[in-house]
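Undergrad: Only the shape, not the letters, is given here:
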């Protein structure tokens, strides 16, 4: 699940590890309630200082992505999926705002924008719904 970081990448090791865990949560490789490896065990596997793993877990806990239960370990937070969804919606809102601004400046009216969006929603299949059926 967590790959050894690349010391030569120029990105601090702890940030590489944080991004790996965030990616695993975002892609569903790690799901809410899943337990993360123990600090010492992971540090040994990756041959890095255990304090680095402590820093990674602290950052992830601060971001609300994991819950550290003393004596039990670290777990993907139940609200991690909601956190990812909020980030997705926030980024999507920025993209939509940029698109609306570009199209308006090109002379597309609000009514035309609505029609374009509605027609795309009908035309493009909702792959998420198709997969769950």
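TA: Thanks, I have it. This one's a predicted model, so the numbers in the text were calculated from it and none came from an experiment. Numbering: from 1, shown residues only.

Undergrad: Name the SS class of the spatially most central residue of the chain, please.
TA: Centroid check for the chain by CA atoms, centre = their mean gives residue 26 as the closest residue, at 3.9 Å. Following DSSP: H, G, I helix; E, B strand; the rest coil, residue 26 is assigned to helix.

Undergrad: Residue 20: neighbouring residues, count only.
TA: By the criterion of other CB atoms under 10 Å, residue 20 has 17 neighbours. Placement of C-beta: from N, CA and C, glycine included.

Undergrad: from now on call the first residue 49
TA: Fine by me, first position is 49 from now on; the one you just mentioned is residue 68.

Undergrad: what's the spacing between it and residue 75?
TA: Per CB to CB, to the nearest Å, residue 68 is found 11 Å from residue 75.

Undergrad: for residue 117, same thing?
TA: Distance of residue 117 to residue 75, computed by CB to CB: 24 Å.

Undergrad: cool, residue 59 as well?
TA: To residue 75, residue 59 is 20 Å away according to CB to CB.

Undergrad: Those two: which has the busier surroundings?
TA: Between residue 59 and residue 75, counted using other CB under 10 Å, residue 59 has the larger neighbour count: 12 against 9.

Undergrad: What about the nearest residue to residue 68 once chain neighbours are set aside, how many residues nearby?
TA: Spatial nearest neighbour of residue 68, chain neighbours left out: residue 50 (5.4 Å); criterion: CB to CB, 6 or more residues apart in numbering. By other CB under 10 Å, 17 other residues sit near residue 50.
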